[in-house]
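J.: I need the structure of the sequence given here:
(2 chains)
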There are 2 protein chains.
Amino acid sequence: MKYEFKVKKIDVTAGGKNVVVLNKEDAEDIDVGIMDRVKVKTNGKEAVAIVDLTEKYIKKGQIGCFSDLVKRLGLKNNQKVRIEPIEKPETVEYIKKKLDGIELSKEEINAIIRDVMRETLSDVELTALVSAMYIRGLTDKETIGLTKAIINSGATLEFKKRPILDKHCVGGVPGNRTTMIIVPIVAAAGLTIPKTSSRSITSAAGTADTMEVLAPVSLSVEKIKEVVEKTNGCMVWGGGVNLAAADDKLIKIRHPLNLDPKGVLLASILAKKKAVGATHVLIDIPIGLGAKVASKKEAQALAEDFMKIGSALGMEVNCIITPGYDPVGQAVGPALEAREVLKILKGEQVSPDLVEKSLVMSGLLLEMGGKVKKGQGRLLAEKILRKGEALQKMREIIEAQGGNPDIEPEDIKIGKKSLDIYSKETGRIFLVNVKKINSIARAAGAPKDKGAGVYLYVEKGDKVKKGQKLFTIYAESSRKLKAAQELVEKLKPIEFEKIILGEYSTERKPMVYEFH
Amino acid sequence: MKYEFKVKKIDVTAGGKNVVVLNKEDAEDIDVGIMDRVKVKTNGKEAVAIVDLTEKYIKKGQIGCFSDLVKRLGLKNNQKVRIEPIEKPETVEYIKKKLDGIELSKEEINAIIRDVMRETLSDVELTALVSAMYIRGLTDKETIGLTKAIINSGATLEFKKRPILDKHCVGGVPGNRTTMIIVPIVAAAGLTIPKTSSRSITSAAGTADTMEVLAPVSLSVEKIKEVVEKTNGCMVWGGGVNLAAADDKLIKIRHPLNLDPKGVLLASILAKKKAVGATHVLIDIPIGLGAKVASKKEAQALAEDFMKIGSALGMEVNCIITPGYDPVGQAVGPALEAREVLKILKGEQVSPDLVEKSLVMSGLLLEMGGKVKKGQGRLLAEKILRKGEALQKMREIIEAQGGNPDIEPEDIKIGKKSLDIYSKETGRIFLVNVKKINSIARAAGAPKDKGAGVYLYVEKGDKVKKGQKLFTIYAESSRKLKAAQELVEKLKPIEFEKIILGEYSTERKPMVYEFH
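T.: Predicted coordinates:
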């Protein structure tokens, strides 16, 4: 049966989902309930939408359409649409299969990703899928199938040159702006490295947020090709192009619960690498408190999986395991980081940990790309950096992406409001808590306020005296500076070594200090 | 930090959830993202809500509030509310624990159910919980903890008399209106049986829908007590009272994927029994194609769990396993079923399977309640039915609940439009497909149109001739009758025995007929 309704636009996003709102009486009349699916047809276009109900807001004969569906079908108010109740897609059965521990076929995985792209699966169904993948795990076959399905869900880049290099860091360490040093070095050496990066979700800045201080990062696929063909490299926002499109939709579901099934993580990362045409990939797996991976053992297993799945997809994947306990650079926040990167490329002595990590990784990429023999990469990388070739390459890339190639560190605007934080005690620093530093930088306005952030003067192991400056908070408004200051007092992001970490007593309730 | 916004009401339900919509710029400014949580405060009331975003519909400074939150806080347009971004509730960590296969403590389960009642967990989080419970299973300790938490989430009934009897059927067989025959028989024998039932979700009628044809079923806890104290029994809608309140909220999440983790099923059923004060419970577990439980083995394991968990909660639980392959009664749909029940109570010879099943179950309850010795129950039940005592008791209950006690079968209005369906072939009936009969009855308008439904003249094993009447469809409108007729042709709900059920050939694609 088909039924006709008049569109009433609801300018609220349903997070990408197609959602329609029907009057309760209409819904009962055509026997559809909340969360049921209907096909919405108009002007030769159609989409599957999920039903929500209302008593008054949508009158009988009207159909409320959330903005995602309005965009998809180009709907106008009072436009007539025909709706048809439909059964659940067969992919719901595949999700149930996975819940029951049955391996999914390539075809079933393709069908699921197709429905993910069409937005025909509800959040409830997608969550069940991700939960099932998390608990049941994915077989190698499933992981490879999922990776290929994600690649096919979007556009791909193709370059004639070989090799195509790429790098990736498995989440979560602040100030870790290696990409913006590695890409110029590798590209300056004549190797191709088309790098896509993400924006921050919960951190103070993603590489895309920081690069955006220097140049536009939302480029089309054609523009990216042009930039890379001209300069050998690029640093763009992956979410701004249609590469590995399904991945963004899966991330939305993984995020709220921090559910990162290993197979999905592997597929998500490798699909993005394969989609830019990478032949050689270096993956950085930081371990520790603030990082995604907790232990070395877990990191080793992950590294082996990356190599195995990568190889099945025709990519050479190398992995390094790095310490993810502390911030890597001194600067946290888009503008502060961008300025720090420019200073490093100009040869200034700042953020030594960040410089060293970038040189080691660049060296490995130069070796993987065949520029030098094993063991010679770091030296070449350092030479390229010292000679200013990396700086020159960075300026070329900035120009090609549409930024100002002549920008100098002091041109970058940092938040005008600032506050120095001093040590209240004397002792040795036990930990600079990366999550807490992130929270403080975000309270100060990062990443939205580009000039907001934190600049650190100390690191783990440093002996500091009472009254010594620990870090400076920058913000663009007094209100946010105050919010960040309040958070410093609450969170105490810099922890000193203590003799006793926890205390248990039979006479009192257990006293446990924060323990790492 | 706290921020002030002006309310704009959005008269759309978010399925019970508290959802607020913020302008994207405001959201970035206060650093909350889609699906984050905020505390909404006004006039001394507060609630936790989940954030959605919009670009235009909600202006800066406004906060869109879905109708569930509007009701909860009594909001008015332009009213000022203060919002405060908050962290995820700790229960999200417990859900993560369960995903990781760690047993939850009593306190953690209580906290989860508390947050379910406060609507502070998102559908994504609840789905992850249900998926984890489905895959990981629940330990006995967890099941008992969950049952108690569900009981404590709502009101409870208390009666001075002992024993208190109850019965339950584990889902899914149409025409299975045993409750409306059993309750009058057991109550007529002088035993107390305060029965709550559900409305239909996907079937043509739930017991509450059918009983509603005879009397109001949405009664308050106080009214239910009054009815039971007067008549020994009642037949009310469980969803209309606040008994085991958390269960309704969990069902919403289990429904879209048909996810019924055994521990949750046990807790859900036993909590509802315990909440009405039951001391002795008879549980009917139908098995087969249309039923919730597929095999006898599975049913046996479930029965043992019911007894074990019931005993831990201080209830004596007996179980029976019954065939759930075919419809139990001839009538499907609220009015048709209500008329059938009255006819049976009056001693007419209709729906013999339904009569027999009801007598056997009544007998077991009479034995459990100590009215007769083991083996004597069915006889007493039949005597009560034959003497008209059950009919008399039914009239008392109808009156106590506010219905017309003098109602006769012919007073019940059946849909005026009807269509007889005749057999197109001669042969023996292999199956009356319960799901398909349900679909046809729903297409005809059931359960919303009380008079709509299907009346069956044949059952499995019957030999029928071409042209013989199989069933009649009743509807309240010609349009719906036509919709049901179309479905009959599409679904073919009555299947005949065949020599060949499936055919495989090397020369053609496999041909598989519908197989059971």
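
J.: For A:E298, the count of nearby residues, please.
T.: 15 (other C-beta atoms under 10 Å in any protein chain shown). All C-beta atoms are positioned from the backbone trio N, CA, C, and that covers glycine.

J.: mind checking the SS state of it?
T.: When classified by DSSP: H, G, I helix; E, B strand; the rest coil, A:E298 comes out as helix.

J.: Pull up the per-residue confidence for it.
T.: Looking at A:E298, its pLDDT stands at 88.

J.: Relative to A:I135, how far out is it?
T.: A:E298 sits 17 Å away from A:I135, going by C-beta to C-beta, to the nearest Å.

J.: low pLDDT regions in chain A?
T.: Within chain A, the ranges that satisfy pLDDT under 70 run A:1, A:172-175, A:253, A:255-256, A:289-290, A:500-516.

J.: Find the centremost residue of it, please.
T.: Centroid-nearest residue in chain A, with C-alpha atoms, centre = their mean: A:S198, separated by 4.2 Å.

J.: Wait, it touches A:M235, no?
T.: No - assessed by C-beta atoms under 8 Å, A:S198 is found out of contact with A:M235, at 11.7 Å.

J.: Overlap of the contact sets of the two?
T.: A:T207, A:A208 (C-beta atoms under 8 Å, 6 or more residues apart in numbering or on different chains).

J.: Please report the distance of A:Q392 from B:E84.
T.: 50 Å.

J.: now swap in A:G44 and tell me
T.: Taking C-beta to C-beta, one finds A:G44 at 48 Å from B:E84.

J.: same check, this time on A:R118
T.: 38 Å.

J.: next one: A:P323
T.: Distance of A:P323 to B:E84, given as C-beta to C-beta: 36 Å.

J.: again, but for A:N404
T.: The value you get for A:N404 to B:E84, if C-beta to C-beta is used, is 41 Å.

J.: Same question for A:F496.
T.: For A:F496, the distance to B:E84 - C-beta to C-beta - is 31 Å.

J.: Could you do A:G403 as well?
T.: Distance from A:G403 to B:E84, counting by C-beta to C-beta: 39 Å.

J.: More neighbours: those two, which one.
T.: Per other C-beta under 10 Å, whichever of A:G403 and B:E84 has more neighbours is A:G403, with 18 against 15.

J.: Nearest residue to A:A381 in space, ignoring adjacent ones along the chain?
T.: Excluding the flanking residues, the one nearest A:A381 by C-beta to C-beta, 6 or more residues apart in numbering or on different chains is A:S362, at 3.8 Å.

J.: Actually, A:K17.
T.: Spatial nearest neighbour of A:K17, chain neighbours left out: A:E119 (5.4 Å); criterion: C-beta to C-beta, 6+ apart.

J.: I'd say the one you found and A:D68 touch.
T.: Yes - A:E119 is within contact range of A:D68, at 7.2 Å (criterion: C-beta under 8 Å).

J.: Which neighbours do the two have in common?
T.: A:G16, A:K17, A:N18.

J.: Export these to CSV and append columns for secondary structure.
T.: Listed next are those as CSV, based on three-state DSSP:
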residue, secondary structure
A:G16, coil
A:K17, coil
A:N18, coil
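
J.: what does the stretch 351-500 of chain A put close to chain B?
T.: For the stretch 351-500 of chain A, the contact set with chain B under C-beta under 8 Å from any C-beta of the partner chain comprises A:R442, A:A443, A:K448, A:A483.

J.: In helices, which of those fall?
T.: Those of these mapping onto helices are A:R442, A:A443, A:A483, per DSSP state H.

J.: so who does the first one touch?
T.: Looking back up the chat, that one is A:R442. Counted by C-beta under 8 Å, 6+ apart, A:R442 has contacts A:S203, A:A204, B:D31.

J.: Using the three-state scheme, assign the first one.
T.: Think A:S203. With three-state DSSP as the basis, A:S203 sits in coil.

J.: Excluding sequence neighbours, find me the nearest residue to it.
T.: Using C-beta to C-beta, 6+ apart, the nearest residue to A:S203 is A:N438, at 5.1 Å.

J.: And that neighbour, how close does it get to B:K465?
T.: From A:N438 to B:K465 the distance is 78 Å (C-beta to C-beta).

J.: Between these two, which has more neighbouring residues?
T.: Comparing A:N438 with B:K465 by neighbour count (other C-beta under 10 Å), the higher total belongs to A:N438, at 26 against 10.

J.: Might one say that the more buried one is in contact with A:T202?
T.: Yes - assessed by C-beta under 8 Å, A:N438 is found in contact with A:T202 at 7.2 Å.

J.: Just give the nearest non-adjacent residue to the closest residue to chain B within the stretch 401-516 of chain A, would you?
T.: In the stretch 401-516 of chain A, the residue that lies nearest chain B is A:K448 (4.8 Å; C-beta to the nearest C-beta). Of all residues not flanking A:K448 in the chain, B:E28 sits nearest, at 4.8 Å (C-beta to C-beta, 6+ apart).

J.: neighbours of that neighbour, just the number please.
T.: Counted with other C-beta under 10 Å, B:E28 comes out at 16.

J.: Same question for A:I151.
T.: A count of nearby residues for A:I151, using other C-beta under 10 Å, gives 24.

J.: check contacts around it.
T.: Contacts of A:I151 by C-beta under 8 Å, 6+ apart are A:A244, A:A271, A:K274, A:A275.

J.: just to revisit the earlier point, tell me which helix or strand the residue nearest to A:K448 sits in.
T.: helix B:24-29 (DSSP states H and E).

J.: What lies in contact with that helix?
T.: A:K448, B:Y3, B:F5, B:G33, B:V51, B:L53, B:T54, B:E55, B:K60, B:G61.

J.: For burial, what's the neighbour tally of the fourth one?
T.: So that's B:G33. B:G33 has 15 neighbours, counted by other C-beta under 10 Å.

J.: Same question for A:N23.
T.: 21.

J.: got the contact list for the closest residue to A:A215 other than its chain neighbours?
T.: Of all residues not flanking A:A215 in the chain, A:G403 sits nearest, at 2.8 Å (C-beta to C-beta, 6+ apart). Residues near A:G403 by C-beta under 8 Å, 6+ apart: A:L214, A:A215, A:P216.

J.: Looking at those, which one is closest to chain B?
T.: Closest approach between these and chain B, by C-beta to the nearest C-beta: A:P216, at 19.3 Å.

J.: List the buried residues of stretch A:95-107.
T.: A:I95, A:K96, A:K97, A:K98, A:L99, A:L104 (16 or more other C-beta atoms under 10 Å in any protein chain shown).

J.: Check those residues one by one and keep those near chain B.
T.: Answer for these near chain B (C-beta under 8 Å from any C-beta): A:I95, A:K96, A:L99.

J.: Report the separation between the first one and A:K88.
T.: Spelled out, that is A:I95. Distance from A:I95 to A:K88, by C-beta to C-beta: 10 Å.
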